[in-house]
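A.B. asks: okay, here's the prediction I keep looking at, along with the sequence it came from:
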Amino acid sequence: MAMMFKPCVIIPVYDHEAPLPTIVERLQTFTLPCLLVDDGSQESCAAVMRGLALRYPQVQYLRHETNRGKGRALKTGLRAAQQQGYSHALQIDADGQHDVGDLRQFLDTAQANPQAVVIGQAMFDDSIPKLRFYARYLTHACVWVNTLSLHIPDAMCGFRVYPVDICVRLIDTASLGDRMEFDVEILIRLYWMGIPVISIPTKVVYPQDGISHFRLWEDNARLTLLQIRMLLSLLYHLPGLLWKAVR
């Protein structure tokens with residue numbers, strides 16, 4: 001039977017009160033339910049989110065009292081989406097990097113391929129810091145090794161659509177990271193499970209006044225440890241991946 005397509009939007013938020021209202025306002029064009037997951041933001045940002053939830057009937061406000069990481073915020077959002085009966089969740093970041101205008105293409109692709117995860121393949125302009133640009137490709141290469149494929153061209157772009165039930169089952173059965181490594185790890189594990197991955201090129205910018213919570217040394221260390229863990233786990237999945245590659 002075809003899966004009922006009932007999407008929502010999940011935005012993990014940590015002190016992004018400046019760009020967030022514009023993002024939420026633009027999302028109203030699509031009349032989609034929107035879950036704002038406050039990951040322990042300061043009161044000024046929390047007040048903005050509460051105000052958005054009061055202003056727009058489609059917006060819900062969920063809160064972590066302390067900062068627990070982007071991955072934990074997404075886990076909270078995905079579980080809430082499942083409890084409310086949503087089939088798919090479109091993840092978009094709160095810092096204004098992503099092009100909301102591409103949202104319809106992401107959703108249409110997810111609706112046509114309901115068992116797949118749809119991911120953005122970031123197309124950067126000159127605003128991206130060079131160190132971040134080259135560091136991303138190191139992560140990409142590790143993902144290609146851990147999946148024995150090029151089917152995940154960009155595992156770090158936070159603009160994507162998840163099939164909710166599949167992802168919540170994975171979250172409940174595997175110990176996925178709670179911080180920036182979550183975006184990468186969940187894609188590798190979904191690929192190991194045989195979930196199709198469809199990528200869509202999308203424009204990504206780094207606003208000059210934007211706030212990034214990516215901690216260069218700590219989060220890169222987390223990503224490095226993740227890839228080592230995934231490489232060790234790869235031995236278990238190796239026969240299936242080799243068979244997939246041969247086919």
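C.D. replies: Thanks, I have it. Just so you know, these numbers come straight off a predicted model, no measurement behind them.
A.B. asks: can you give me the distance of the residue most central in space within the chain to Gly120?
C.D. replies: In the chain, the residue lying closest to the centroid (CA atoms, centre = their mean) is Gly158, at 4.0 Å. The gap separating Gly158 from Gly120 is 8 Å, by CB to CB, to the nearest Å. C-beta coordinates here come from the backbone N, C-alpha and C atoms, glycine included.
A.B. asks: find residues that contact each of those two.
C.D. replies: Taking CB atoms under 8 Å, 6 or more residues apart in numbering as the criterion, Gly158 and Gly120 both touch His98.
A.B. asks: helix/strand/coil for the residue lying closest to the residue nearest to the centre of the chain once chain neighbours are set aside?
C.D. replies: Distances taken as CB to CB, 6 or more residues apart in numbering put Asp93 closest to Gly158, at 4.3 Å, once the chain neighbours are dropped. Secondary structure, DSSP: H, G, I helix; E, B strand; the rest coil: Asp93 is coil.
A.B. asks: can I assume Cys8 sits in a strand?
C.D. replies: Yes: under three-state DSSP, Cys8 sits within a strand.
A.B. asks: all helices for the protein, in order.
C.D. replies: Under the criterion DSSP state H, the chain contains helices at 20-27, 43-55, 70-83, 103-112, 130-147, 164-173, 182-192, 216-246.
A.B. asks: tell me the mean pLDDT for the second one?
C.D. replies: Translated: helix 43-55. Averaging pLDDT along helix 43-55 yields 97.
A.B. asks: list the buried residues of that helix.
C.D. replies: For helix 43-55, burial by neighbour count (16 or more other CB atoms under 10 Å) applies to Cys45, Ala46, Val48, Met49, Arg50, Leu52, Ala53.
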